[in-house]
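Engineer: kindly return the folded structure for what I paste below:
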Amino acid sequence: MQAARERAMLDLIVVGGGYVGLSVALAVKQAAPHLSVEVVEAAPEGQWQKDLRASAIIAAATRMLEVFGIWDRIAPDAEPITRMIVTDSKTGDPVRPVFLTFDGTVENGRPFAYMIPNVSMVAALRDAAAKAGIAIRHGAGATGFNNSGPAAELTLSDGAMLNARLVVACDGVKSKLRDLAGIKTVTWDYGQSGIVTTVEHERPHEGCAEEHFLPAGPFAILPLKGNRSSLVWTERTADADRLVAADDLVFEEELERRFGHKLGALKATGDRRAFPLGLTLARAFVAPRLALAGDAAHGIHPISGQGLNLGFKDVAALAETIVEADRLGLDIGDLNVLERYQTWRRFDTFRMGVTTDVLNRLFSNDVAPIRVVRDFGLGLVDRLPKLKSFFISQAAGTAGKGGPKLLAGEAI
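Structural biologist: So this is what the prediction gives:
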């Protein structure tokens, strides 16, 4: 019976059918159509349609989506971030002075980021994957992994056994595949949770994103289509759980204290959920016949809005590594090949993890001397246009040369 469930050798299996996993599969398949690619997703079919969240996508990532041929489909649902302001205050302060502002455009007037509903992005990626001939297997997660032989052996929860030259783990920050491969992580808990929800407001946001640094953590307001905004609201975990469980009246009263009144009356719409926040960095991004990408390789604090975009940078670097190795006739699952990807991505990921950790510790407190220093620093940056321009190009992923081709809008 077991032998009947054996599958022929595949070139690439991607474990995880979210936007990072689908993007890896699509990037490789479009650049190397002869490679056999399959996606394995533990969630049942249709589960992705219940995700009501939205994500900030940087300019470089939109270039990659253009290469995939799906940006024109996503763009009507995308809200450009045309401006960003940063404040530092206490929750009850009647006035929140703005310490830092950013113009939200990079070269050629392209916004440095967009807010995109997750459903819109995943739908476009799934359709493109289907057209490219990528099979998506639902309802079966990884339960076994063996990479000691000439091919990786992947066992699934439905009893199926798959073989591939390379397996890519895109199954989240609590990656089962990463654990099965014995890759350790550096992990700590911030004691915070991020409340994610959507609000409607009377007046238009005009594409402005706001980051309010409050004593419990950052309160981010991110523009969506229409008079709506997505919130990433950081609180200490016990307070976040209390707020999520509260009735609408209590929740909206607490929301109004943090959001303010400049956009008029507020109403929370849709689900509200709290996600524990911490830092998780894999000690290795690769092993023989295995590569980690997205949250399976790194989970960072949302203070910078760069979590998903780190994953898209992984996609571009890993796909280019795989495709170029294949063109040279190399084994795409060989550890020496995969080391190039690890070298490409590890330092940037570590740097971003440290940066978000330091920022969160610096701003998630109400210690007066620290407030003075950080506010002085924000004000200083605001008065140096060249430094602001550098920061915005870094955030947009458009700074420097020598990065992955997809992020520059070039086909592999």
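Engineer: show me what contacts the residue most central in space within the chain?
Structural biologist: The chain has Leu308 as the residue nearest its centroid, 1.1 Å off, counting by CA atoms, centre = their mean. Neighbour list for Leu308: 19-20, 55-57, 61 [criterion: CB atoms under 8 Å, 6 or more residues apart in numbering]. Any C-beta I mention is one placed from the backbone N, CA and C, and that applies to glycine too.
Engineer: again, only this time at 7 Å
Structural biologist: Ser55 (CB atoms under 7 Å, 6 or more residues apart in numbering).
Engineer: mind checking pLDDT for it?
Structural biologist: We have a pLDDT of 86 for Leu308.
Engineer: give me the distance from the helix or strand where it lies to the chain's centre.
Structural biologist: Element membership of Leu308 [criterion: DSSP states H and E] is helix 307-327. Offset of helix 307-327 from its chain centre (CA atoms, centre = their mean, to the nearest Å): 14 Å.
Engineer: also stretch 73-92?
Structural biologist: 16 Å.
Engineer: got it, and stretch 113-120?
Structural biologist: A distance of 11 Å separates the centroid of the chain from that of stretch 113-120, by CA atoms, centre = their mean.
Engineer: so what's the nearest residue to Gln192 once chain neighbours are set aside up against?
Structural biologist: Using CB to CB, 6 or more residues apart in numbering and skipping the chain neighbours, the partner closest in space to Gln192 is Leu277 (4.5 Å). Applying CB under 7 Å, 6+ apart to Leu277 gives the contacts 190, 192-194, 234, 301.
Engineer: any low-confidence regions in the stretch 1-150 of the chain?
Structural biologist: Applying pLDDT under 70 to the stretch 1-150 of the chain flags residues 1-8, 89-99, 104-107.
Engineer: and for the closest residue to Ser304 other than its chain neighbours, the neighbour number?
Structural biologist: Distances taken as CB to CB, 6+ apart put Thr356 closest to Ser304, at 5.2 Å, once the chain neighbours are dropped. Using other CB atoms under 10 Å, Thr356 is surrounded by 20 other residues.
Engineer: surely Thr356 touches Ile300?
Structural biologist: Yes. Counting by CB atoms under 7 Å, Ile300 is a contact partner of Thr356 at 4.7 Å.
Engineer: list the buried ones in the stretch of helix or strand Thr349 belongs to?
Structural biologist: Element membership for Thr349, per DSSP H and E: helix 335-363. Applying a neighbour-count criterion of 16 or more other CB atoms under 10 Å, one finds 337-338, 340-342, 344-346, 349, 352-353, 356-357, 359-360, 362-363 buried in helix 335-363.
Engineer: now stretch 24-41
Structural biologist: Those would be 24-32, 35-41, for stretch 24-41 by 16+ other CB under 10 Å.
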